[in-house]
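**Student:** give the three-dimensional model of this entry:
(one chain, ligands or ions: 1)
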Amino acid sequence: MLIIGPPGSGKGTQAERISDRLGVVAISTGDIFRANVKGETPLGIEARKYMDNGDFVPDAVTNKMVRSRLSEEDVDGGFLLDGYPRTTAQVDYLDAILANGGQQLDVVLQLTADDEELVSRLLGRAKETGRSDDTEAVIRHRLDLYHQQTEAVVARYAERGILTRVDGIGGIGDVTDRVMGAIGNPVPASVASGR
Ligand code: B4P
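**Tutor:** Next comes the predicted model:
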């Protein structure tokens, strides 16, 4: 399963809750990058150059990291990827990894919320955690990248008929209930793409 959504839509928040309920491991590319930044590893030093500005870490770096993570044993019973893929090149790469392992995606969950709600949530988080990429200018840049690049990723999965779209506005528990109710009911491609 994948969780896709703009920054602040609740991906990380919901990934944790859904993975608990489904009993599968949650893998967040953002969390892996942040752990590497904190540990000052070579990957972290490279990733930080992009993350602080709200840019995507280059596909080559991100893809290699995901391939390595998906080769660990704990993903054998299924996994939930949070924040990957974000570009169509990452979609192609993930397709190849999954084909190689004889696996396939069951569900791609898209969480939605309007940009002003997202900015307000992330500015709220900035006060609590002081994440370096939660300033208003950087948040708006991350939102632009989502619209420019990641919406094409969503469209790809909609065409395959495995996209489930859930409204991310409301209480955290309510959103989880909505997701659990919706899983297994993929949105027909014609509806998801607005055609
Ligand atoms: P991420 O860590 O994925 O950051 P994010 O998009 O902001 O999502 P996050 O999971 O943190 O926030 P969430 O929506 O859960 O990525 C960070 C950076 O890493 C990227 O900018 C990029 O540089 C790099 N990166 C990661 N993956 C990459 C990839 N595949 N390719 C290239 N680069 C990559 O929640 C946000 C806030 O909203 C929280 O404070 C939460 O409490 C709040 N919230 C959640 N649900 C709510 C609700 N229902 N109501 C009110 N508030 C809510």
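**Student:** show me the contacts for the closest residue to the ligand within the chain.
**Tutor:** Among the residues of the chain, residue 30 lies closest to the ligand, at 1.9 Å counting by CB to the nearest ligand atom. Backbone N, C-alpha and C define where each C-beta goes, glycine included. Counting by CB atoms under 8 Å, 6 or more residues apart in numbering, residue 30 touches 12, 82, 83.
**Student:** again, only using 7 Å
**Tutor:** When contacts are counted by CB atoms under 7 Å, 6 or more residues apart in numbering, residue 30 is found next to 12, 83.
**Student:** Three-state assignment for it, please.
**Tutor:** Reducing the assignment at residue 30 to three states with DSSP: H, G, I helix; E, B strand; the rest coil gives helix.
**Student:** for this structure, what lies in contact range of the ligand?
**Tutor:** 7-13, 28-30, 33, 50-51, 54-57, 62, 83-86, 90, 121-122, 125, 133, 142, 170, 172, 175 (CB under 6 Å from any ligand atom).
**Student:** just the buried residues of those.
**Tutor:** By neighbour count, with 16 or more other CB atoms under 10 Å, these hold 7-13, 28-30, 33, 50-51, 54, 56-57, 62, 83-86, 90, 121-122, 133, 142, 175 as buried.
**Student:** quick one: the helices in this protein?
**Tutor:** Here the chain has its helices, by DSSP state H, at 11-22, 29-38, 42-51, 59-69, 88-100, 115-129, 136-145, 151-160, 172-182, 189-192.
**Student:** show me what the first one is packed against.
**Tutor:** Spelled out, it's helix 11-22. Contacts of helix 11-22 with other secondary structure elements, assessed using 3 or more CB pairs under 7 Å, 6 or more residues apart in numbering; DSSP states H and E, are made with strand 2-4, strand 25-28, strand 79-82, helix 172-182.
**Student:** with mean pLDDT added, can I get the ones you listed in a markdown table?
**Tutor:** Shown next, in a markdown table, are these (pLDDT from 0 to 100):
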| stretch | mean pLDDT |
| --- | --- |
| strand 2-4 | 98 |
| strand 25-28 | 97 |
| strand 79-82 | 97 |
| helix 172-182 | 96 |
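**Student:** out of those, which one sits most buried?
**Tutor:** Comparing those on average neighbours per residue, with mean count of other CB atoms under 10 Å, the densest one is strand 2-4 at a mean of 26.
**Student:** sheet-wise, list the partners of that strand with their directions.
**Tutor:** Strands adjacent to strand 2-4 in the sheet, as given by DSSP bridges, are strand 79-82 (parallel), strand 108-112 (parallel).
**Student:** nearest to residue 148, of the ones you listed?
**Tutor:** When these are compared by CB to CB, strand 108-112 sits nearest residue 148, at 16.2 Å.
**Student:** contacts made by that closest one with the rest, please.
**Tutor:** The list of residues contacting strand 108-112 from outside it, by CB under 7 Å, 6+ apart, reads 1-5, 9-11, 14, 154, 157, 162-168, 179.
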